Each structure stands twice: as structure tokens, then as C-alpha cells.
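Undergrad: Provided below are the primary sequence and the corresponding predicted coordinates.
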Amino acid sequence: MPHLTSWIILLCILSEIGCAESRQDDVRFCSVTTEDCVELIFKRVLRSASVGSDAQNAITRDPESEKHCAIDQELSTGSLQFAQREILRDIWDILDGNKDNVLDQKELNIRHRCFEFASPCRLDEILRNEDLDGNDQLDFHELLMAYGLGETPSTWPAFPPRKWTAIAGNSIELPCDIIQTSGGNITWERNRVVLNGRDHETGLHINGRTGTLYATHLQLIHSGNYSCFDEQFPDAHQTHHLVVVVQPEVEVEYRERFVRTGQNVSVKCHTAGVPQPTVRWLKNDEPIKNSKNHITDGAGYLRISNVQKSDTAVYKCVAESEAGRSSDSTSLFVMDHDSPNHAAQKLFVVFFAEGISAYDADQCGIQFHIEGTSVIPGTRELLCGNNFAKCNWGSTVNVLDRYIYASQPLLNRVLVLSLQQMLIVQIVHTDNVPVKLNYVPHLDQVWIVCWRSTADTHSKTIQLVRDASQKLEHSAIHLEPLHGKYQTFSDFFPPPIQELAQNLPYTFASGSDGKSLVKIDMRSIRTIATVDLGSNGCRPQKVTYSTIGGFVFVDCVDIRHGTPRGQLVLDYVTNAVLKQDQSISGLTYISPDSRRWVNLGTDVIRIQEIRETGLFYMLDVVTPLHIADVVFHPSHSNQSYDLYATSLSKDELFLVEINSHRFMPITNIGSGTGRKLNRWGVPESRFIASDGIFGSHVITAAKNSVFVTNTVGRHIDCEIGGLPKPQYALWVYRQADEI
């Protein structure tokens, strides 16, 4: 549409809202030519805007004809364009009734009569002709283009990109240099999503006066590219690349250790950070040099062989990176005789069809057993429900090594097991069929997903227990109601516990419609956004998170047929879909350090490295084992993780050393049931669990037993039989004063 026509329509609007005189200059706007009238139109616009006496005095009437106007050369093009843009901004604010920053057909379907003319002017003509992206909506840039004002002035300077590095937890301000030239309203984007007005969800704030973007508590998820522009000149962008680094985190295996002369000692130092820190050991603040009896390695181990009294010292592990320096210490005492170490006791607790049993990890000796027919203290209820029932467990979680929460779907309750007292101390009643439990440490919450039916109808409720680690009377509460009703969901995907202290504030659940993700603020327990995945044909099957890059990986199945539909990659901050990969067909797992992405296909394990800029291929492992379950376990050769997988059909444990690209089987771990999932959708008698960052064992299940595998020697330490249908096992640590 010619710019003149757009200006005529604008004048019609001005006449309707009283910004221009209804009858002035007998000019038939709907039929005049550009040569006759464009100056007069600009004149009316300037008069209506009251841009200043100097600008108005610069306009003179051609004495020969009212149809001719002239604009004095003293009036600069920039001043004229600024006045015109201000008029358009005022009109935009009036028409955009719902303030969604776009004008749709309903908002534009308004008739404005041009004085006494027979043919009315219609604003929706601009939508019909100037909808540049074809989305049946008009944004402000398209409106500016319709009036010939969308082009960036040629006199503007270039705005070079800028790079920033900041430490997680600190604040940062990103200035937009464009405001110094334009003086207008600044818009900020990340992944082509506007950030203005989304402070609560993104953690990013924009100063409307200065145009500055700032964050008061940066996290890894905020790394990435940000662009700013004046909304009246959106073609002129300035890009800011923000890199967030995390100071090293350090933890040594023991606070103190007593050993006898001549023994061998090994102490591990676990570090985390972005970038990955380097590690060195000090003895009484002096660097340790590798020797025959003193060895340090890339995995953070300090190994001392044939210890002597001269080895009694304070040993400090120091981790350093460009983000900073941190350290942690352990004291070693070398004695002539044996002396007890007051270390925490490592146990594994097994939940099976006939009750609960706990075993010592070193000797595999039983520590306590709760029979399925025993009465829960303080109640008349039995552990498994009645004298004839078998225990049916839905899920279990370790809450700070103080309690274990265990769901019983068929009894509509969650049991709380005290690790200090070794007995059930509370029953938490829930909605029908509580299946899945997840613990969020930084909020001390246990989240409960209730199916409401023994069949998965994709209509679940979500409840949670607050202050889960505290000695309180607990109850399960619902999310904040929406429109007076408790919401139902297809599934729930909370962020896993990761080693970096980057506590994600939001989680996702899949909507009951099966084609959307609902974003939930875990602190306020209310929904804050909905992400429609229908256009991608995606029903979320599983959602995983990476703090590095701020990625959300959504494994999809087809909405109608339930067949694999690839994977979507979303931006955690803005919810924008960054990528859709149709070649991905399995379920995805993310390592605790957020550096490894693992996808389990039918017969291929694909492993990729996660970087701030995306995924980078590492290797494919072809295996005929039919993987049932996987777990990441700390590597004993580097500061990373290895992958352990159980086989559905064979008595093998499969080890993948990710960094070295090596893999090997560990055999004789018993056979499974042949079924991959039980009725609650978890691996049936084939689970696997790691004993943590300082651990050296994984536990796996067979039909009627569990196996403890030593990950250092890569052999079976023990088998514990007589456990029909083991469903879960958890590693826990009891402090010395609790034993």
C-alpha cells in the first residue's frame, strides 16, 4: 500500500478521536494525488501532535491552491519523522485495547469516515496489505513500515556487539547503546522472544528510562545472546553475549581420618564449576609433588601408600578456574595402633514385596527389617495394607539422609521412614493413587504425582509436602487453584538434583490436553506460563533440564498415534522452541554436572556434550542388551561421570566410560523379569542406583535379589537374595551420632 493511503487512514482516525479538526481545508482526501496532498497530510499530523511552535511555523500554505503544501527546508527530516512516529505511538496505544503488543482483525475492524466522502476509510486495509510476516496480526514495526518510518536512519552509527562475563550469584547491567541515538523505547529480546514485562518469570529486569537490562541474581541459565533495539527502528540491533561462570565448589571425602602406620590411604576431592576447575593438593599449605608414595591424579584423588607418622598433616584440595578459587581440607592422623573413624555409615535400603530391609554397604549385613505385616507405630494400619497383601511401592526419595518418603499407590498414602529411628514415623494421606515422588532440596519439598486411577488416564493431580526434612506433622497440599479449580496434568517433570548450586526456580508439567507444557513456580506453587507444542505435533513424554545453556529437552511422541516424534529443545528462560530434531527416538538423561546428554534408543546409546551454545556429538554405542535403566556414576579416572546401564534380557551390567569412549560388560548380576516397566511406568526389578559422588558402588535388582557392584574393581561385591520383587533401593548415609 502506498504510504500516502496509510497517512490518509491515520487522518481519518485523528478526525474521529478529535486530534484533528473535523472540517478544515476543502480537500477530498480519498481521491487526491500524492503530489497534491502529502505535504498537507504531514502538516495536519504535525499540528495534531503539537510538536512545537518552531516546527509549526516552518510550515507555510501555498497561496495558489489549498491543495498544495510545502514544508520548509529548515524542518529537518529527523524532526518530522520523530513527530510522525509519536503520533503513530499514540494511535497504537488507543487501538491496542488488550495491550498484547499486536493489533488483530477485531481491533482493526473499525470504520472511520473521511468527512463527507462516500467511501469510508478502513484501518484493516493496512493489515491486509502490510502484514509482512503473514500472521494475521500487525505489530508496531509493520505499522511503521506502512508509513515509511520503519527504516533505520542512514545517519545512525553501527552498534557493535559486546561480550560480558559474570559470576553466578552476582548482578549485572547490560546497557543498550542504541538509546543514546534514538532516545526512544528500548526492547530486549532473547531467542527472538521479547523480555519486556516478563521480570518475574525470567529473573531479568529492564529499566524503562535508561533501556538497561539487569539481573540481580545471575544463574547459568542466563548465559546466551541478548539483543536490544528501539521499537520504532527494529532493524537496528545491538547484540550482547553474556557468559555466566560458576565459582569452583570443593568437597573432600573425609573431615578427618585415623590410619595405622603402613596402611594405604585414598582421599577423593570432588569439584564442580563452570568452567571445569583444575585441582591440586597441598600438605600443610605446601604443594604435593607426585612421588612413589604420594600420587595425585586428574580424578581428584590423593593416594598415599605405606603411610608413616610424617604423613600426619592437614591436606588441602584447591580448585581454581577463571571464576575463582575454592578449597576444602581433611586431617590425616597416622597412629601406631588401630583407631576408630567416626565416619558416616553407608546403607542401602530395599523396598520389596514383603517389606523394607536395610543393609550395610561394606559388609552387606542386614541392619534392620520391617515386615509387610507389621503395624505402623501409633496406628492400627499395616505396612502393606493387610495381612494378605503384598507391598506395592510407587516411588521413593531420600530426604537429606534423615527420612525416606515412599508412596503406596494402592493405599493412597505416602509413608515417612525415619533413618535415625529405623521405623515409619508418619503417614501422609494423598489424592488417589500417588505414584511418583520427587524431592527438591533447595525448597525442602517432596512433590507427589497422583494418577487418580490405577490406569494412566493422563489426568493427574500434583501435591507437595513442605519442610519435608523437618520433624513436623506433614500434609499434602495442592497447587494454587486456577479459576477456582485444581488443575489436572498429563505428567510432571521436576528438575533433578544437580551438583552445581544452580537451583532452578521453575518446573514443567504436561497439560491435560497432551500438547502443552505448563510452567510452575515451585516456591509459590502456581502456574506462570503455558507453552503450546501442538504446532510441533508433540505430546511430552519426558522432560530433562541442563543448567549449562539453560536448555529444556522434551522427548516427544505423536499426539494422535503415540509414536516417537523426535525431541524439542526449549530455552528455560523464555520457553522458546530452539530446535526440533526428528531423528531422536528414545528417552534422554542429563548427567549431574549438566555436561553430558545421553539418549537411549532401541539399540543405540547416543552421547553428546552440552555446551552453552548447544549439543556436540561425542559417540554412539550400539548394544543389543535392550536397556532397562541407567545411572550416572562418578568416574574414577577423571572429574566427570561414567554411565552404567542394566539389561532387560541379560544378566549384564553395561559400563560406558564416556570421556575415554570405552565400554565393557559386567556379568552375572542376575536375570530380570523380561518386562521393561511395571504398572507404574518404572523399570521392573531392573533398577540401578549409584551411591554418590564419593561412592564406589552401584546396586541393581534381579527377580528376587539385589546385587552390589564395586565400580573400582568392577566386580560383584555381594548378592542378597530372598527379596521377592525388589522395586526400589536407595543409598543413605547415617551420621555417626545417629548410629
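TA: Cool, the structure landed.

Undergrad: quick one, strands of the stretch 351-500 of the chain?
TA: Assigned strands in the stretch 351-500 of the chain, in chain order: 355-360, 366-371, 395-399, 403-408, 413-418, 423-429, 434-440, 445-450, 461-465, 477-478, 489-493 (criterion: DSSP state E, counting those that start in this stretch).

Undergrad: the inter-axis angle of the fourth one versus strand 355-360?
TA: Here strand 403-408 runs at an angle of 150 degrees relative to strand 355-360 (axes from the mean of the first three to the mean of the last three C-alpha atoms, to 10 degrees).

Undergrad: possible to save the strands of the stretch 351-500 of the chain as CSV with distance to residue 538 and mean pLDDT?
TA: To be clear about C-beta, it is placed using only N, CA and C from the backbone, and glycine gets the same treatment. Shown next, in CSV, are the strands of the stretch 351-500 of the chain (distance: least, C-beta to C-beta, whole Å; pLDDT from 0 to 100):
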stretch, distance to residue 538, mean pLDDT
strand 355-360, 39, 95
strand 366-371, 43, 94
strand 395-399, 25, 96
strand 403-408, 28, 97
strand 413-418, 31, 97
strand 423-429, 34, 96
strand 434-440, 21, 96
strand 445-450, 20, 97
strand 461-465, 21, 96
strand 477-478, 27, 94
strand 489-493, 12, 94
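
Undergrad: JSON lines please, covering the ones you listed and showing distance to residue 508 and mean neighbour count.
TA: Output for the strands of the stretch 351-500 of the chain, formatted as JSON lines (distance: least, C-beta to C-beta, whole Å; neighbours: other C-beta atoms under 10 Å):
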{"stretch": "strand 355-360", "distance to residue 508": "32", "mean neighbour count": "20"}
{"stretch": "strand 366-371", "distance to residue 508": "36", "mean neighbour count": "15"}
{"stretch": "strand 395-399", "distance to residue 508": "18", "mean neighbour count": "21"}
{"stretch": "strand 403-408", "distance to residue 508": "21", "mean neighbour count": "24"}
{"stretch": "strand 413-418", "distance to residue 508": "22", "mean neighbour count": "21"}
{"stretch": "strand 423-429", "distance to residue 508": "24", "mean neighbour count": "17"}
{"stretch": "strand 434-440", "distance to residue 508": "12", "mean neighbour count": "23"}
{"stretch": "strand 445-450", "distance to residue 508": "12", "mean neighbour count": "25"}
{"stretch": "strand 461-465", "distance to residue 508": "11", "mean neighbour count": "22"}
{"stretch": "strand 477-478", "distance to residue 508": "18", "mean neighbour count": "13"}
{"stretch": "strand 489-493", "distance to residue 508": "5", "mean neighbour count": "23"}
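
Undergrad: how about CSV for those, with distance to residue 311 added?
TA: As requested, the strands of the stretch 351-500 of the chain are arranged in CSV below (distance: least, C-beta to C-beta, whole Å):
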stretch, distance to residue 311
strand 355-360, 29
strand 366-371, 33
strand 395-399, 35
strand 403-408, 39
strand 413-418, 40
strand 423-429, 43
strand 434-440, 40
strand 445-450, 44
strand 461-465, 47
strand 477-478, 54
strand 489-493, 49
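
Undergrad: among those strands, which comes closest to residue 711?
TA: strand 355-360 (17.5 Å; C-beta to C-beta).

Undergrad: what does that closest one contact?
TA: 345-350, 365-372, 374, 383-384, 391, 406, 417, 422, 720, 723, 732 (C-beta atoms under 8 Å, 6 or more residues apart in numbering).

Undergrad: could you redo the last one with a cut-off of 6 Å?
TA: When contacts are defined by C-beta atoms under 6 Å, 6 or more residues apart in numbering, strand 355-360 is touched by residues 347, 348, 349, 350, 366, 367, 368, 369, 370, 371, 372.

Undergrad: stretch 367-374 now?
TA: Residues outside stretch 367-374 that contact it (C-beta under 6 Å, 6+ apart): 347, 354-358, 360, 382-384, 387, 391, 422.

Undergrad: okay, helices next: where are they in this protein?
TA: Secondary structure of the chain by DSSP state H: the helices cover 3-17, 34-49, 53-57, 77-95, 105-108, 124-130, 140-146, 179-182, 199-202.

Undergrad: give me the neighbour count for the residue lying closest to residue 720 once chain neighbours are set aside.
TA: In space, and not counting its chain neighbours, residue 720 is closest to residue 706: 5.3 Å by C-beta to C-beta, 6 or more residues apart in numbering. Neighbours of residue 706 under the rule other C-beta atoms under 10 Å: 26.

Undergrad: hmm, residue 706 is touching residue 726, no?
TA: Yes: with contact defined as C-beta atoms under 6 Å, residue 706 counts as touching residue 726 (5.5 Å).

Undergrad: for those two, list the residues in contact with both.
TA: residue 350.

Undergrad: quick one: the residue nearest to residue 107 when sequence neighbours are not counted from residue 127, how far?
TA: Among residues not flanking residue 107 along the chain, residue 95 sits closest, at 5.4 Å (C-beta to C-beta, 6+ apart). According to C-beta to C-beta, to the nearest Å, residue 95 stands 11 Å off from residue 127.
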